[in-house]
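# This is a predicted model, with the sequence first.
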Amino acid sequence: NAGVMQNPRHLVRRRGQEARLRCSPMKGHSHVYWYRQLPEEGLKFMVYLQKENIIDESGMPKERFSAEFPKEGPSILRIQQVVRGDSAAYFCASSQTAVPSFLAEAFFGQGTRLTVV
Amino acid sequence: AQTVTQSQPEMSVQEAETVTLSCTYDTSENNYYLFWYKQPPSRQMILVIRQEAYKQQNATENRFSVNFQKAAKSFSLKISDSQLGDTAMYFCAFILQNRDDKIIFGKGTRLHILP
């Protein structure tokens, strides 16, 4: 059973371009969480999705950022018109049930490091 | 709103020593879970240990144990007989129980185990 797969591992974009980050959750997992990690910072929550639904997007900037988790295929975090401040590591986590269940564990991918030049 | 604070940005200890990483949190809720995650240079986030707030007994996983002080809202991680492979960033994290909610992380402590 492969872990949470994120691709690409590294992504370089020029200012103004679009960045698309993909996350394939573990098999059987229907809950996906996206986090952003800035240098020397912890992980900041961005968005929580279940299949075809956004449950909580309170951590995601209102403009330029969007996320989806379609019925088929990976979850996508999309950043339009990237700026230098978007440079960060973006982590995806998935769980089989909602994480507040003690038996549920959120498994993290290895992240995508986005560099905006 | 819930917050998690890790007051030690960086620590270094000799191999085989015991080290304690501190974490405090703030919440007005009574039911929640606490976690410690390890992030080695590979950047993979690995769950180290977790604690249910309603349990008084401190969680233990091999060389890793916690000191959970609910009244003080403190959740420190103790690593015994530290090994070189323990070198990593360690994040304390919090989540409310019985809610569709997100995990909240502290800023992390960078731990160096010296040979």
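Right, received. Where do you want to start? Residues are numbered from 1 along each chain as shown, chains lettered A, B, ... in the order given.
# Spit out the contact partners of A:Ile76.
A:Arg20, A:Leu21, A:Arg22, A:Cys23, A:Ala67, A:Glu68, A:Phe69 (CB atoms under 8 Å, 6 or more residues apart in numbering or on different chains). Where you see a C-beta, it was placed from the backbone N, CA and C, and this is true even at glycine.
# same thing but 6 Å
Contact analysis of A:Ile76 by CB atoms under 6 Å, 6 or more residues apart in numbering or on different chains lists A:Arg20, A:Arg22, A:Glu68.
# secondary structure class for it?
strand (DSSP: H, G, I helix; E, B strand; the rest coil).
# what does B:Ala93 give?
Using three-state DSSP, the structure places B:Ala93 in strand.
# Quick check: it touching B:Phe35?
Yes - counting by CB atoms under 6 Å, B:Ala93 does reach B:Phe35; the two are 4.3 Å apart.
# quick one: pLDDT of A:Leu103?
Looking at A:Leu103, its pLDDT is 48.
# Tell me which residue is most central in the chain.
As the question left the chain open, I've gone with chain A. For chain A, A:Trp34 is the residue whose C-alpha lies nearest the centre (CA atoms, centre = their mean; 3.3 Å).
# ah, I was thinking of chain B
Nearest to the mean C-alpha position of chain B, by CA atoms, centre = their mean, lies B:Trp36 at 3.2 Å.
# Show me the shaky parts of the chain.
By default, I'm working from chain A. Scanning chain A for pLDDT under 70 picks out A:1-2, A:98-104.
# my question was about chain B
Those would be B:98-101, if you go by pLDDT under 70 across chain B.
# quick one: B:Val19 and B:Lys78 touch, right?
No - the pair B:Val19 / B:Lys78 is not scored as a contact, 7.4 Å apart, by CB under 6 Å.
# Pick out whichever of the two has more residues nearby.
B:Val19 (20 against 16; other CB atoms under 10 Å in any protein chain shown).
# So what pairs up with the closest residue to the more buried one other than its chain neighbours in the strands?
Leaving aside its chain neighbours, B:Val19 sits nearest to B:Val13 (4.5 Å; criterion: CB to CB, 6 or more residues apart in numbering or on different chains). Listed beta-bridge partners, B:Val13: B:Ile113 (assigned using DSSP bridges).
# if we can go back for a sec, tell me which strands whichever strand or helix holds the residue nearest to the centre of chain B pairs with, and in which orientation.
For B:Trp36, the element it lies in under DSSP states H and E is strand B:32-39. In the sheet, strand B:32-39 lines up against strand B:46-52 (antiparallel), strand B:88-96 (antiparallel) (DSSP bridges).
# Pull out the buried positions in the longest one.
In this case it means strand B:88-96. B:Ala88, B:Met89, B:Tyr90, B:Phe91, B:Cys92, B:Ala93, B:Phe94, B:Ile95, B:Leu96 (16 or more other CB atoms under 10 Å in any protein chain shown).
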